[in-house]
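Colleague: Fold the following.
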Amino acid sequence: MMSDAWAHASAAGRDPGRGPRPGPAAGFGPGPAGPDRPQEPDEPDGPWQCATLFVAAALDSLGAIADYVGFLAHRGGVGPDAGLRLRLAVEELVANTVVHGYGGDPGWLVITGGGDGRGDVTVRLRDSARPFDPAAGRPAVALDLPVGRRPVGGLGIHLALTSADDYHYEHVHGENRSTLTVRRREGES
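Modeller: Residues are numbered from 1 along each chain as shown. A predicted model of the protein is given here:
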């Protein structure tokens, strides 16, 4: 059975038969082409954008979101480590929006991704939950304290923002818009 994310990619003209189905089992692709590795037929050779994913603001949407983000990481050739960082960042921001932004009320999330064709993958998250900039005024996380002595809160946002290489937030026309970019870091696979 196809995930919603895969169905959206397919419906948008993406040929799902051109490569392995994205997700944890398939990995996130071999990384960018270069002198040691030729470009694969399904890799971008310039800027690209993927189909947009529309989901309910609910924790049970995380599976479809993870599939979509895995597809983006594979398409962008950022490698498994950067792909997992992207997934962690997106999942933490989405969970925060669902639990704290909407607070159990019905809502929606719109997720769009793309890349520059040189190994960067960017994801934009949009929602209509109450305004919240994850990067503004966030408290320092006491990572030096034992887990039982740390204050509750802030660790998920810390993980999300330190997993992304670039992060930008804006509140426009009643929407929260978080844009994050990952790229393969030196030493990552």
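Colleague: what's the helix or strand hosting residue 86 packed up against?
Modeller: Following DSSP states H and E, one finds residue 86 within helix 79-96. Packed against helix 79-96 by the contact rule (3 or more Cβ pairs under 8 Å, 6 or more residues apart in numbering; DSSP states H and E) you find helix 62-76, strand 120-127, helix 155-163, strand 175-183. C-beta here means a position set from N, CA and C on the backbone, and glycine is covered the same way.
Colleague: how about low-confidence regions in the protein?
Modeller: Across the chain, the ranges flagged by pLDDT under 70 are 1-45, 142, 145, 150-154.
Colleague: Kindly report which residue of this protein is located farthest from the centre.
Modeller: The outermost residue of the chain, judged against the average C-alpha position, is residue 149 (30.4 Å), by Cα atoms, centre = their mean.
Colleague: number of nearby residues for the nearest residue to residue 56 once chain neighbours are set aside?
Modeller: Leaving aside its chain neighbours, residue 56 sits nearest to residue 108 (6.5 Å; criterion: Cβ to Cβ, 6 or more residues apart in numbering). Residue 108: 15 surrounding residues under other Cβ atoms under 10 Å.
Colleague: Surely residue 108 and residue 57 touch.
Modeller: Yes - using Cβ atoms under 8 Å, residue 108 is in contact with residue 57, at 5.7 Å.
Colleague: Give the residues shared as contacts by these two.
Modeller: Taking Cβ atoms under 8 Å, 6 or more residues apart in numbering as the contact rule, residue 108 and residue 57 both touch residue 127.
Colleague: and the residue nearest to residue 56, what does it touch?
Modeller: Listed by Cβ under 8 Å, 6+ apart, the contact set of residue 108 reads 54, 55, 56, 57, 127, 128.
Colleague: Spit out the contact partners of the fifth one.
Modeller: This points to residue 127. Contact partners of residue 127, counting by Cβ under 8 Å, 6+ apart, are 57, 97, 101, 102, 107, 108, 109, 110, 175, 176.
Colleague: Lovely, talk soon.
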